[in-house]
Each structure stands twice: as structure tokens, then as C-alpha cells.
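A.B. asks: make a model of this:
(one chain, ligands or ions: 2)
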Amino acid sequence: MQHFDLAVIGSGTGNSLIDERFADWDVALIERDETFGGTCLNRGCIPTKMFVLPADLAASVAEARRLGVQLEFKGADWPAIRDRIFGRIDPISAGGLDWRERSQNVTVFHGEASFVDASTLQVGDTRISASNIVIATGSRPRTLDVPGLAEASDRVHTSDTIMRIDELPRRLVIVGGGYIAAEFAHIFSGLGSEVTLINRTDVLLRHHDRDIAQAYLQELSHGPVNVRLNQELSSVEKSDDDSLVVITKDRNGIEYEYFADQLLIAVGRDRNSDALNLRAAGVDHNPDGQIRVDAQQRTNVKGIWALGDVSSDHLLKHVANAEGRTVQHNLLHPDDLRGTDHRFVPQAVFGDPQIASVGVTEQELRNWGAPYIVARQRYADVAYGWALEDEEHFVKLLADPRSMHLVGAHIIGPQASTLIQPLIQAMSFGQRVDELARGQYWIHPALPEVIENALLKLVLARKPGEIGQ
Ligand SMILES: Cc1cc2nc3c(=O)[nH]c(=O)nc-3n(C[C@H](O)[C@H](O)[C@H](O)COP(=O)(O)OP(=O)(O)OC[C@H]3O[C@@H](n4cnc5c(N)ncnc54)[C@H](O)[C@@H]3O)c2cc1C
Ligand SMILES: NC(=O)c1ccc[n+]([C@@H]2O[C@H](COP(=O)([O-])OP(=O)(O)OC[C@H]3O[C@@H](n4cnc5c(N)ncnc54)[C@H](O)[C@@H]3O)[C@@H](O)[C@H]2O)c1
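C.D. replies: Residues are numbered from 1 along each chain as shown. Ligands and ions are numbered 1, 2, ... in the order given. Predicted coordinates:
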């Protein structure tokens with residue numbers, strides 16, 4: 001049996017952690033999928049955002065009209081967009097595998113890894129052992145089990161397959177109300193599909209601050225997407241003209257029918273720990289399959305580490321990357337272990353509108369009974385917002401009135417994912433609201449003035465009894 005210094009399971013973030021500092025380690029990298037490089041590259045963050053940009057351009061026609069510029073949307077060439085995107089991504093994935101297979105010290109195993117014991121893995125017919133094992137197996141789309149879904153599988157998709165379809169569907173039904181539903185609703189409605197989004201509750205983007213989630217729902221409902229709330233998928237049939245008939249039920253048992261060409265299921269993700277035979281290694285996990293790790297990314301079994309979607313509370317690539325850096329450091333410096341900083345994890349939804357957030361929501365602060373001050377700043381009330389003729393969008397900031405540190409920042413509107421960065425920085429480095437607002441220039445009349453003004457409102461919101469240092 002071949003022995004390695006390190007075995008890494010999963011070629012997403014797992015592959016990135018094997019850098020030149022491991023040049024004198026004998027490493028095994030195991031991947032079960034045909035494509036190399038994991039979710040973000042092949043079927044996640046990167047292709048979705050490459051589709052979002054053309055959708056943004058298509059949607060800008062309506063924006064332009066409001067500003068007196070007559071643009072015309074003549075349609076989207078889906079095959080050309082798809083082939084451009086995957087014509088870029090697929091070679092990166094193939095090139096990554098090729099490069100890895102030629103690495104002197106790394107052996108790539110193609111197959112599904114499972115534990116035989118705490119230091120032994122089975123991959124197909126091959127058995128290997130390793131002094132350290134990193135589990136970086138990610139997550140996969142959750143599927144639903146309703147009648148008719150399997151029979152219609154050629155037109156039922158998850159985020160794994162929807163981006164590769166042959167043509168832009170005339171009618172797309174999306175089931176789900178989270179990140180993936182929001183981003184694909186924008187992509188397909190922007191490019192010209194009739195999109196119906198069905199969610200089982202009355203809240204979309206449920207983990208976001210309630211004001212932001214409500215504003216998003218309002219805007220989506222008044223835009224090109226047909227939003228249907230409080231309905232659950234109950235079955236799928238085919239109509240006489242070969243359309244998909246998506247049948248849902250509300251809480252009173254009333255049935256609804258939607259006709260579609262394609263159906264996208266976006267109801268969350270399951271962690272890829274079920275195939276690993278964790279019991280053989282004694283690795284602890286939660287009932288939902290989330291592998292338990294400490295701040296140093298160690299499982300309960302010495303020498304077994306985990307990172308990314310399979311173990312993290314945050315299913316986000318920047319978090320997987322940060323956890324990967326922790327594992328790298330800790331493998332290389334076993335006497336000087338570091339932890340991953342999960343204090344201020346930002347996230348952005350690249351829908352229309354964009355949403356970005358970091359820190360806690362107002363609802364969380366209320367539930368905890370924590371003191372807070374809040375400021376809301378509309379885009380409409382800063383100069384660049386005038387240029388945008390913006391009416392709906394805003395920044396919402398939450399701070400601790402005693403320390404004047406930000407505890408939450410939530411933005412809905414143009415460039416939200418970029419605007420939020422100075423707030424993440426301030427929270428991470430412990431800058432006070434007043435320092436951030438007045439300790440630097442804010443370019444006039446650029447859009448970040450919406451952040452500056454929100455910060456100034458927070459300064460004014462502090463009552464005399466709440467003066468900090
Ligand atoms: C549509 C979509 C859009 C997204 N957009 C964003 C975004 O904009 N920003 C963001 O931060 N995050 C985004 N994410 C989330 C992000 O893609 C993930 O958080 C990230 O890719 C997780 O990385 P990972 O290394 O943990 O897992 P992965 O990249 O999924 O890698 C795990 C690998 O392990 C392999 N594997 C699993 N089990 C085994 C086994 N037993 N043996 C061998 N190999 C195995 C898998 O095949 C896979 O290749 C998005 C996700 C999706 C689905
Ligand atoms: N921009 C980004 O950073 C980005 C983009 C896409 C995905 N992601 C990551 O991927 C994760 C998964 O995304 P997601 O959108 O699949 O999950 P999600 O957890 O964000 O949303 C799942 C949605 O499905 C609904 N749902 C669950 N079960 C259902 C059922 N049986 N019937 C109908 N609806 C049901 C839920 O109410 C919820 O609205 C996200 O949590 C996020 O971390 C991030």
C-alpha cells in the first residue's frame with residue numbers, strides 16, 4: 001500500500017492548498033468528478049457571475065430608458081454566451097488537471113474516496129494511507145423527491161446543469177428562494193426567459209436582514225419575474241404539447257399549475273460527507289452531514305482536517321479559501337497552529353438588485369437584547385444616486401452605541417458587492433464608525449458617499465448616554 005505524507009480529498013479548494021511549500025511532501029489528491037477544480041470554477045461562483053454580466057447588460061435597457069437613452073434589446077444568443085463562458089472555464093479546469101498530473105510530488109487519483117480507518121483511504125481498487133488527510137469534498141445541490149420529477153429529468157435541472165442547456169428556455173420555473181434562485185432568476189429573466197419563481201415560504205433570501213429581504217421581494221415582484229410564495233412543489237407532469245406542467249400546493253392544499261420548458265430546483269445544498277464512510281475513521285459530524293471542526297480546522301481525529309462546504313457554517317468560496325489557508329499553515333507549522341477568522345464573513349447575491357451584507361441583522365440584535373443604533377441611507381439622497389435616478393435602494397448599518405463599532409452592514413442596490421468592502425475592512429480591523437466616516441476622504445460625487453452618509457447618520461444616532469471612548 002502506497003503511503004503519502006498528505007492525502008487531499010476534493011480538487012476544489014483542496015487542490016489550491018497544495019502549493020510550492022509542499023514541494024517535498026508526497027501528496028495524494030483524490031477527485032471523483034470527471035471535471036477537475038470543484039464547484040466554484042466549474043458550476044458555481046465563476047460561471048454564474050459570467051452569466052450575470054450579460055444579464056445586467058440586457059436589463060440595463062430599462063434603466064437607460066429611464067435616463068432618456070433609447071436602447072433596444074434584440075435578444076440574447078444563449079449558445080454563444082454559454083460557449084464563450086465554458087470555452088474559457090473548461091480549458092482552465094483541464095489545464096489544472098494536466099498541470100497537477102505533471103507535478104513531481106502529487107499523485108492524482110480519479111475516483112471516490114472513502115475511509116477504511118483513520119489513516120487509510122479506499123479509492124476504487126486502490127488503497128492508500130496518509131499521515132495527514134484533508135477532507136475538502138464540498139457540497140452538492142439538494143434534490144427533491146416528488147412524482148414525475150425523475151421522468152422529466154432531461155428538463156429538470158440544478159445549478160450543476162442549467163448553465164449548459166442547449167437553448168434559452170422560453171419559460172423557466174425556479175423552485176427555491178435563496179442565493180441560487182435569485183441569481184438564476186436574474187440571469188434568465190435578464191436574457192429574455194419568462195421566469196416564475198416558486199418559494200415555499202413568504203420570505204426570499206431568508207438569512208438576510210428583514211428590511212433587505214422585503215425590499216428585494218418588492219422589487220422582484222414588480223419586475224420581470226413572476227413570484228409565487230407559500231407554495232411547495234408537489235409533482236411534475238407533461239402536457240399534450242410536451243410542456244412541463246409544474247404542479248404546486250399551497251398551505252390550504254390548493255393546487256396551482258405552471259407551464260414550463262425547463263425547471264430549476266434550487267432548494268439548498270447537501271454536504272458531500274455521506275460517501276466518505278466517516279464512521280470507519282471515527283470522524284464526528286452533525287446529523288446533516290456537516291463535519292465538525294475546531295477553529296484550527298481539525299476534526300476530532302488527529303491528522304484529519306476538513307475545510308470548505310463540507311464542514312463550514314458558510315457555503316462560500318472566500319470562506320473555503322480562508323479555511324484552506326488555515327489548513328496549509330497548520331500542516332506546515334504543527335507547533336504554531338492558527339485558527340480561521342470567521343468573525344465578519346461577508347456575502348453578496350448577484351441578482352437584480354445586488355445585495356451584500358456582513359455581520360449581524362437587526363432581528364438578531366433584537367433577539368439577543370443587544371443595544372444597537374441603526375442608520376438607513378437611501379441611494380436617492382446622494383449625488384451619484386441622483387445620477388442613477390435611484391428610488392428603491394439603500395444602505396443599512398448597525399453599530400454598538402458603546403464602542404461605536406459596526407456590527408452589521410446590509411446593502412441593496414447597484415454595486416452593493418463592491419460598496420461593502422470598506423465596511424468589512426472597518427469591522428475586521430476594529431475601526432470606529434466616526435473614524436471611518438471622517439478619518440479619510442470619500443470621493444465626490446462617487447457612489448461610496450452613500451456609505452459615508454450612512455456612517456455619519458450613525459454618529460448622529462448615538463445618544464449622549466451612549467458615548468464610548
Ligand atoms: C451556483 C453557485 C454559485 C455560487 N456562487 C458563489 C459566489 O458568488 N460566491 C461565493 O463565495 N460562493 C459561491 N458559491 C459557493 C462556492 O462555490 C462554494 O462555497 C465553494 O466552491 C466550496 O468549495 P469546496 O472546496 O468546499 O468544495 P468544491 O469546490 O465543491 O470541491 C469539492 C470536490 O470534492 C469532490 N468530492 C466530493 N466527494 C468526494 C469523494 N468522496 N471522493 C473524491 N472526491 C470527492 C467533488 O467532486 C468536488 O470536486 C456558489 C455555489 C453555487 C452552486
Ligand atoms: N453569491 C453567492 O455567494 C452564492 C451564490 C449561490 C450559492 N451560494 C451558496 O450556496 C448555498 C446554497 O444556495 P441555495 O440557493 O441552493 O440555498 P439557500 O439555502 O440560500 O436557499 C434555499 C431555498 O430553498 C427553499 N427550500 C428549501 N427546501 C425547499 C422545498 N422542499 N421546497 C421548496 N423550497 C425549498 C428555502 O426556503 C430557501 O429559500 C448558499 O447558502 C450560499 O452559501 C452563494
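A.B. asks: spit out the contact partners of the residue of the chain found nearest ligand 2.
C.D. replies: Per Cβ to the nearest ligand atom, the residue of the chain with the smallest distance to ligand 2 is Gly178, at 2.0 Å. To be clear about C-beta, it is placed using only N, CA and C from the backbone, and glycine gets the same treatment. Under the criterion of Cβ atoms under 8 Å, 6 or more residues apart in numbering, the contact list for Gly178 reads 204-206, 266-268.
A.B. asks: now, of these, which are buried?
C.D. replies: Under a neighbour-count criterion of 16 or more other Cβ atoms under 10 Å, the subset of the contacts of Gly178 counted as buried comprises 204-205, 266-267.
A.B. asks: now render those residues as CSV, adding distance to ligand 2 and pLDDT.
C.D. replies: Supplementary listing: the buried ones among the contacts of Gly178 in CSV, determined by distance: Cβ to the nearest ligand atom, whole Å; pLDDT from 0 to 100:
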residue, distance to ligand 2, pLDDT
Leu204, 6, 97
Leu205, 7, 97
Ala266, 5, 98
Val267, 4, 98
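A.B. asks: now, among those, which is nearest to His342?
C.D. replies: Closest approach to His342 among those (Cβ to Cβ): Leu205, at 20.7 Å.
A.B. asks: in which helix or strand would I find the closest one?
C.D. replies: Take DSSP states H and E as the rule and Leu205 turns out to sit in neither a helix nor a strand.
A.B. asks: what comes up buried for the longest helix belonging to the chain?
C.D. replies: If each helix of the chain is counted by residues according to DSSP state H, the longest one is helix 78-102. Buried residues in helix 78-102, counting neighbours by 16+ other Cβ under 10 Å, are found at 78, 81-82, 85-86, 89, 93, 96-97, 100.
A.B. asks: give me the below-cutoff pLDDT ranges for the stretch 101-250 of the chain.
C.D. replies: Segments of the stretch 101-250 of the chain classed as low confidence (criterion: pLDDT under 70) are not present in this model.
A.B. asks: so which bits of it are right by ligand 1?
C.D. replies: The stretch 101-250 of the chain has residues 112-113, 136-138, 159, 180 near ligand 1, with proximity defined as Cβ under 6 Å from any ligand atom.
A.B. asks: so where do the strands sit in the stretch 1-150 of the chain?
C.D. replies: In the stretch 1-150 of the chain, strands defined by DSSP state E, counting those that start in this stretch lie at 2-9, 27-31, 106-110, 113-117, 120-123, 126-135, 139-141, listed in chain order.
A.B. asks: ok, now the stretch 351-469 of the chain?
C.D. replies: Using DSSP E, counting those that start in this stretch, the strands assigned to the stretch 351-469 of the chain run over residues 355-359, 373-378, 394-400, 405-412.
A.B. asks: columns mean neighbour count and distance to Leu197 on top of those strands, output as TSV?
C.D. replies: As requested, the strands of the stretch 351-469 of the chain are exported to TSV (neighbours: other Cβ atoms under 10 Å; distance: least, Cβ to Cβ, whole Å):
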stretch	mean neighbour count	distance to Leu197
strand 355-359	25	15
strand 373-378	18	26
strand 394-400	23	23
strand 405-412	25	17
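A.B. asks: as TSV, these with mean pLDDT would be great.
C.D. replies: TSV is the format used below for the strands of the stretch 351-469 of the chain (pLDDT from 0 to 100):
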stretch	mean pLDDT
strand 355-359	98
strand 373-378	98
strand 394-400	98
strand 405-412	98
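A.B. asks: and those strands as JSON lines, adding distance to ligand 2?
C.D. replies: What follows is the strands of the stretch 351-469 of the chain, written out as JSON lines (distance: least, Cβ to the nearest ligand atom, whole Å):
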{"stretch": "strand 355-359", "distance to ligand 2": "9"}
{"stretch": "strand 373-378", "distance to ligand 2": "23"}
{"stretch": "strand 394-400", "distance to ligand 2": "19"}
{"stretch": "strand 405-412", "distance to ligand 2": "14"}
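A.B. asks: show me the one of the ones you listed that comes nearest ligand 1.
C.D. replies: In terms of Cβ to the nearest ligand atom, the element of the strands of the stretch 351-469 of the chain nearest to ligand 1 is strand 355-359, at 11.0 Å.
A.B. asks: got a list of contacts for that closest one?
C.D. replies: Applying Cβ under 8 Å, 6+ apart, the set of residues contacting strand 355-359 is 182, 205, 208-209, 212, 216, 344-349, 398, 406-412, 416-417, 419-420, 423-424, 427.
A.B. asks: pretty sure Val108 is touching Asp98, no?
C.D. replies: No. In this structure, Val108 sits apart from Asp98 without contact. The criterion is Cβ atoms under 8 Å, and the distance is 10.0 Å.
A.B. asks: show me what contacts the residue nearest the centre of the chain?
C.D. replies: Within the chain, one residue has its C-alpha closest to the average C-alpha position: by Cα atoms, centre = their mean, that is Leu316, at 4.8 Å. Residues touching Leu316, when contacts are defined by Cβ under 8 Å, 6+ apart, comprise 345, 347.
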